[in-house]
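S.K.: Predicted structure and sequence below. I'll ask about it afterward.
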Amino acid sequence: MPRRVIAKARRLVASKKSIVVLLAGFAIGFIALSLFGTSMIYTGTEQFCATNCHEMANNNTREYRDTIHDKNRTGVRATCSDCHVPHSPVPLYIAKMGALNDLWSHHVTHSVDTPEKFDAARQMMATRVWTYMKGNDSRECRYCHDEAKMDPEKQSAMAQTRHARAKKEKLTCVDCHYGIAHKVPDGPGPQEIEVDKAFISRSAIF
Ligand code: HEC
Ligand code: HEC
Ligand code: HEC
């Protein structure tokens, strides 16, 4: 029986038809992967995140312009995706799936399509970002800012004392450095919000 099956399989592989099917499979796979890769790159560009929808262009993007992460002495920048999505592949894909929610909001529910609606939802949205950043110990900030490579001698006296305090009190970057790219809402800031432990251990990975 197994021998017969093997012989049949051999005949199948040898036939022209199966080679065509195999090649077509490779071609479709290659095209699908390329489309996936291209969409991952495109949806992470500044052009896509900052200017493609009026919700961002009229609010967060406008506020971000000319902040230190947009324009500075050296021209080395952090743009939307640098701060807002993970840098490693699998967590990035998961984050992009979550962002489908934003498409729904833009096209269907129109939940933040006017400046008034945007401001009304700002505290909730900012709290979501702070929770994410506190959960993963400001991982996206640390992708560029390596605490171990910061030279306190080159920092201001204020930065030196606060950073020493940050270590002692186990505060994370965004606990103090918030509103660095956008307008801050009036409600409780990141140090006043509680992030539960289960969320922290999950978001350290994703
Ligand atoms: C893609 C890299 C990158 C990421 C991500 C990033 N930064 Fe920066 N950050 C920079 C650069 C570049 C500068 C400006 C350096 C200069 O002065 O030219 C800067 C400057 C700063 C400064 C100094 C501000 C000042 O006025 O001197 C602070 C504070 C800071 N970043 C905090 C953060 C925090 C908090 C996050 C995460 C929410 C973050 N950064 C994410 C690259 C990054
Ligand atoms: C306890 C609050 C606190 C925490 C937590 C904190 N910082 Fe700061 N940081 C400060 C203060 C205050 C300054 C000084 C601001 C000034 O001089 O205007 C500062 C300054 C800086 C500067 C500019 C240094 C300079 O001298 O120009 C950078 C960059 C920076 N912080 C990055 C970070 C990063 C990255 C983290 C997380 C690893 C972090 N900070 C955590 C309070 C904090
Ligand atoms: C240096 C890091 C950094 C960059 C660059 C950045 N953001 Fe943010 N973003 C934050 C932080 C931190 C918050 C949480 C609220 C706060 O502290 O301002 C936030 C909050 C938000 C929110 C929630 C609403 C709100 O205003 O709080 C949106 C939406 C957003 N960002 C979109 C963007 C877009 C679009 C860009 C690019 C044009 C961008 N961000 C660039 C750090 C950043």
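M.R.: Looks like it arrived, so ask away. Residues are numbered from 1 along each chain as shown. Ligands and ions are numbered 1, 2, ... in the order given.
S.K.: ok, residue 111 - how many residues close by?
M.R.: 14 (other C-beta atoms under 10 Å). Bear in mind the C-beta positions are built from the backbone N, C-alpha and C, glycine included.
S.K.: need the helix or strand of the protein with the lowest average pLDDT.
M.R.: Every helix and strand in the chain was compared by mean pLDDT, DSSP states H and E; the lowest is helix 197-203, with a mean of 71.
S.K.: residues in contact with residue 181?
M.R.: Applying C-beta atoms under 8 Å, 6 or more residues apart in numbering to residue 181 gives the contacts 60, 63-64, 67, 69, 83.
S.K.: Got a quick ChimeraX command for the buried subset of those residues?
M.R.: Per 16 or more other C-beta atoms under 10 Å, the buried members of those correspond to this ChimeraX selection:
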select :60,64,69,83
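S.K.: Could you point out the longest helix of this protein?
M.R.: helix 16-42 (DSSP state H).
S.K.: Please name every helix or strand in contact with that one.
M.R.: If you count contacts as 3 or more C-beta pairs under 8 Å, 6 or more residues apart in numbering; DSSP states H and E, helix 16-42 packs onto helix 89-98.
S.K.: one step back: could you give the angle of the longest helix of the chain to helix 89-98?
M.R.: Orientation of helix 16-42 against helix 89-98 (axes from the mean of the first three to the mean of the last three C-alpha atoms, to 10 degrees) gives an angle of 80 degrees.
S.K.: Name the residues of helix 16-42 that come out as buried.
M.R.: Residues of helix 16-42 include none that count as buried (16+ other C-beta under 10 Å).
S.K.: Report the separation between the most centrally placed residue in the chain and ligand 3.
M.R.: Centroid-nearest residue in the chain: residue 85, 0.9 Å away (criterion: C-alpha atoms, centre = their mean). Distance check for residue 85 against ligand 3: by C-beta to the nearest ligand atom, to the nearest Å, it reads 10 Å.
S.K.: before we move on, back to that, so which of the contacts of residue 181 belong to helices?
M.R.: Reading helices off the contacts of residue 181 with DSSP H, I get 60, 63-64, 83.
S.K.: Could you verify my assumption that the residue nearest to the centre of the chain touches residue 93?
M.R.: No - counting by C-beta atoms under 8 Å, residue 85 stays clear of residue 93, with 10.0 Å between them.
S.K.: Could you report the separation of the residue nearest to the centre of the chain from residue 133?
M.R.: Distance of residue 85 to residue 133, given as C-beta to C-beta, to the nearest Å: 12 Å.
S.K.: what's the answer for residue 77, then?
M.R.: 19 Å.
S.K.: who's more crowded, the two?
M.R.: residue 133 (24 against 14).
S.K.: Report the spatially closest residue to that one, excluding sequence-adjacent ones.
M.R.: residue 174 (4.2 Å; C-beta to C-beta, 6 or more residues apart in numbering).
S.K.: again, but for residue 60
M.R.: Closest to residue 60 by C-beta to C-beta, 6+ apart is residue 182, at 5.1 Å.
S.K.: who's in contact with the one you found?
M.R.: 59-60, 63-64, 126.
S.K.: for ligand 3, what are the nearby residues on this protein?
M.R.: 49-50, 56, 60-61, 64, 69, 78-80, 82-84, 122, 125-126, 129-130, 174, 178-182, 184 (C-beta under 6 Å from any ligand atom).
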